[in-house]
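In: can you look at this prediction? I've put the sequence above it.
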Amino acid sequence: MLPQELPIAFFDSGLGGISVLRETVRLLPQERYLYYGDSLHAPYGVKTADEVLALCRTAVCHLLEQGVKALVIACNTATSVAIRPLRQAYPGLIIIGTEPAIKPAAERFPGGHILVMATPMTLQEKKFRSLQQQYGAQAEIVPVACGGLMEFVEQGILRGEAVERYLYDKLEPYLKVPIDAVVLGCTHYPFLSGAIRKVVGRRPAIMDGSAGIAMQLRRKLAERGLLAPDAQTGSVRFENSLDEPEILELSQALFDYQDATP
Ligand code: DGL
């Protein structure tokens, strides 16, 4: 197989990174994709940084053994602790990470009021703190730690009373002032954008970083002459650390899911 024909690996603590995968397939439909979700060990966002780093190393080793031309860490939590060590361990490999879309939100709403929903770990780590510092003069950036939220997506619960109650309890205290944007700083949350919209109302923009990640990946592959040939037929393959056929069915269902009210 020629290097440009190799698959692109996607990795997340579970099924959330499928939101980034969907966006990437729209931009680069002729690529081959291998998606690995570590649902057995999810959630990552409430573990220690050392635990998450060890899990990331194991998952990435497994993916690289299969021969891939690029790696997308489609997980804000994993990126915040593992991207640097992984880039050091694999200096020749294209490695793209994810971060909360604070920059585009602050640029779009100067002086605005921006909520950032993410896992407790993402909000504790240096990456988030430096983004908050960098854009904090441009807009008010309010972190909202959402431990327990990704679990709904892992169970395929994307709407309904339980998730809406969770979101209402979590977000309601911040809705006393007008909100301009809600940044989804965890790749699981775009699957809940319909439920989030119901709680925050029509005004705020709901923003995630998937489109930017897809474009960054295309740019990096193009720079190295690694884009798949136009004639290649694209494909997506799901793998999961949880050894259950249902998790692969849910992966495919999330990949195909279109939220009616984003
Ligand atoms: N999807 C992951 C993220 O983007 C995190 C979920 C978790 O494992 O806590 O942060």
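Out: Received the coordinates, thanks. Residues are numbered from 1 along each chain as shown.

In: go ahead and confirm Tyr166 touches Leu149.
Out: Yes - between Tyr166 and Leu149 there is a contact under Cβ atoms under 8 Å: 6.4 Å. C-betas here are computed from N, CA, C, even on glycine.

In: which one of these two has more residues nearby?
Out: Leu149 (23 against 19; other Cβ atoms under 10 Å).

In: quick one: contacts for the more buried one?
Out: By Cβ atoms under 8 Å, 6 or more residues apart in numbering, the contact set of Leu149 is 117, 166-167, 170, 186, 188-189, 192.

In: ok, now Glu164?
Out: Here Glu164 is in contact with 195, 198-199 (Cβ under 8 Å, 6+ apart).

In: ok, whatever residue of the chain ends up closest to the ligand - how many residues close by?
Out: Closest to the ligand within the chain is Gly45: 2.8 Å, counting by Cβ to the nearest ligand atom. Burial of Gly45 is recorded as 27 neighbouring residues (other Cβ under 10 Å).

In: wait, is it part of a strand?
Out: No - counting by DSSP: H, G, I helix; E, B strand; the rest coil, Gly45 falls outside a strand, being coil.

In: which residues of the stretch 51-200 of the chain lie near the ligand?
Out: Counting by Cβ under 6 Å from any ligand atom, the residues of the stretch 51-200 of the chain lying close to the ligand are 75-77, 119, 122, 150, 186-188.

In: just checking, the residue of the chain closest to the ligand touches Thr122?
Out: Yes - at 6.6 Å, Gly45 counts as touching Thr122 under the criterion of Cβ under 8 Å.

In: any residues in contact with both of the two?
Out: Contacts common to Gly45 and Thr122, judged by Cβ under 8 Å, 6+ apart, are 77, 186.

In: the strands in the stretch 151-262 of the chain, which residues?
Out: Listed in chain order, the strands of the stretch 151-262 of the chain (DSSP state E, counting those that start in this stretch) span 181-184, 205-207, 235-240.

In: reformat the ones you listed as JSON lines; add mean pLDDT.
Out: Formatted as JSON lines, the strands of the stretch 151-262 of the chain follow (pLDDT from 0 to 100):
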{"stretch": "strand 181-184", "mean pLDDT": "98"}
{"stretch": "strand 205-207", "mean pLDDT": "98"}
{"stretch": "strand 235-240", "mean pLDDT": "98"}
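
In: what's the distance between the residue nearest in space to the middle of the chain and Val199?
Out: Among the residues of the chain, the one closest to the centroid is Thr187, at 2.7 Å (Cα atoms, centre = their mean). From Thr187 across to Val199, the span is 20 Å (Cβ to Cβ, to the nearest Å).
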